[in-house]
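K.L.:
Predicted structure and sequence below. I'll ask about it afterward.
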Amino acid sequence: MVPPLFPADLVVIPVSAMLVYQYFIKWSSFLIANTLWALTFAYIIVPLAIKVHMFHMDNWKHTYSFIGFFVLGITVRCIILFLLRKLEKA
């Protein structure tokens, strides 16, 4: 009854993104780690999920996934830093 990617979408991706955010504090190291994280998910994890028939992709390239993961990591970091700044001012 549970969709095959449900655990990945709710646990694996967010937790791994949180670990990248937590351990790479400076922007330069974060960008490198975020790039490696996005590459790992886009070019290793997603193809493995396709290979074990968890899902299939029509007219979709792994580069699109890489861009999505990369932008996701940066967006989340920007939101968190914005909220932290607002908290410090309050």
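P.N.:
Happy to help now that I have it.
K.L.:
Give me the neighbour count for S16.
P.N.:
Residues within reach of S16, counting by other C-beta atoms under 10 Å, total 17. Bear in mind the C-beta positions are built from the backbone N, C-alpha and C, glycine included.
K.L.:
Also the one 3 residues further on?
P.N.:
Taking other C-beta under 10 Å as the neighbour definition, L19 ends up with a count of 12.
K.L.:
Name the next helix or strand following the host helix or strand of it along the chain.
P.N.:
Using DSSP states H and E, L19 sits in helix 13-23. Per DSSP H and E, the first helix or strand lying C-terminal to helix 13-23 is helix 27-40.
K.L.:
And for the next helix or strand after that next one, what's in contact with it?
P.N.:
Going down the chain from helix 27-40, the next helix or strand is helix 46-51, by DSSP H and E. Contact partners of helix 46-51, identified using C-beta atoms under 8 Å, 6 or more residues apart in numbering, comprise P4, L5, A8, F55, H56, M57, H62, S65.
K.L.:
how about the CA coordinates for helix 46-51, as PDB?
P.N.:
Written as PDB, here are the backbone C-alpha positions of helix 46-51 (Å, rounded to 0.1, in the frame of the first residue of the first chain):
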ATOM      1  CA  VAL A  46      18.200   7.200  -8.800                       C
ATOM      2  CA  PRO A  47      19.700   4.800 -11.400                       C
ATOM      3  CA  LEU A  48      19.800   2.100  -8.800                       C
ATOM      4  CA  ALA A  49      16.100   2.700  -7.900                       C
ATOM      5  CA  ILE A  50      15.300   2.500 -11.700                       C
ATOM      6  CA  LYS A  51      17.300  -0.700 -12.000                       C
END
